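K.L.:
Fold the following for me, if possible:
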Amino acid sequence: MKRWLPSPMLSLMLWGLWLLLANDFSPGQMVLGVFFAWLIPVITEPFWLRRPRIVKPGKLVMFVLMVHRDILVANMAVAKLILSSPSQLRPAFVEVPLDTDNEFVITVLASVVSLTPGTVSADISADRRTLLVHGLDVEDSAALVASIKQRYEAPLKEIFGC
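P.N.:
Numbering: from 1, shown residues only. Next up is the predicted model:
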């Protein structure tokens, strides 16, 4: 069953999205939507990252809340920086050494860094051991690295047991 329908929820969402985008709920569109909702997951499944098991779901909830708070605080800080003195900004690229080799954890870490205003994940090394991060205003690169490792990487490793 898993081979023919790798992700039933994804297929259901794709079917619904197809119908909404087509803005047509005729039988033909429904059948076409079902076909694409089945075909897309079957074709793309070999490229999906294998998500590790969540070892600490409570920690995951706390992590998500912390990231939301960090995004709000960083939005205010970036707005203040941009509106007050953009010429005083100290942009920099910083290399963050990674303590995990799990592709899913690295992907989530890079996404969280990019979601937080003022930082963007720019690249990952070929050996998956270093994440290149661009900071909008970097006073101390070591402090930025320590912050990313302590606030994001360490909890993610704990959540997924990696």
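
K.L.:
So which elements touch the longest helix seen in the chain?
P.N.:
Criterion DSSP state H: the longest helix present in the chain is helix 57-84. Helices and strands touching helix 57-84, by 3 or more Cβ pairs under 8 Å, 6 or more residues apart in numbering; DSSP states H and E, are helix 103-115, helix 154-160. Where C-beta positions appear, they are placed from N, C-alpha and C, glycine not excepted.

K.L.:
so who does Val78 touch?
P.N.:
Contacts for Val78 were tallied using Cβ atoms under 8 Å, 6 or more residues apart in numbering; they are Pro117, Gly118, Leu136.

K.L.:
Is there a neighbour count for the residue nearest to the last one when sequence neighbours are not counted? I'd like the number.
P.N.:
Spelled out, that is Leu136. Distances taken as Cβ to Cβ, 6 or more residues apart in numbering put Gly118 closest to Leu136, at 4.3 Å, once the chain neighbours are dropped. As a burial measure, Gly118 scores 19 neighbours (other Cβ atoms under 10 Å).

K.L.:
Which residues are in contact with Gly118?
P.N.:
Counting by Cβ under 8 Å, 6+ apart, Gly118 touches Ala74, Ala77, Val78, Leu81, Gly135, Leu136, Asp137.

K.L.:
chain center to stretch 101-117, what's the gap?
P.N.:
From the chain centre to the centre of stretch 101-117 is a distance of 5 Å (Cα atoms, centre = their mean, to the nearest Å).

K.L.:
Show me what it is in contact with.
P.N.:
Contacts for stretch 101-117 (Cβ under 8 Å, 6+ apart): 49-52, 67, 70-71, 74-75, 77-78, 98, 100, 119-121, 124, 128-129, 131, 133, 136, 148, 152-153, 156-157, 160, 162.

K.L.:
Which of the residues in that stretch are classified as buried?
P.N.:
Neighbour-count burial for stretch 101-117 flags Asn102, Phe104, Val105, Ile106, Val108, Leu109, Ala110, Val112, Val113, Thr116, Pro117 (criterion: 16 or more other Cβ atoms under 10 Å).

K.L.:
and if you look at stretch 19-39?
P.N.:
Going by neighbour count (16+ other Cβ under 10 Å), the buried part of stretch 19-39 is Leu19, Leu32, Gly33, Val34, Ala37, Trp38.
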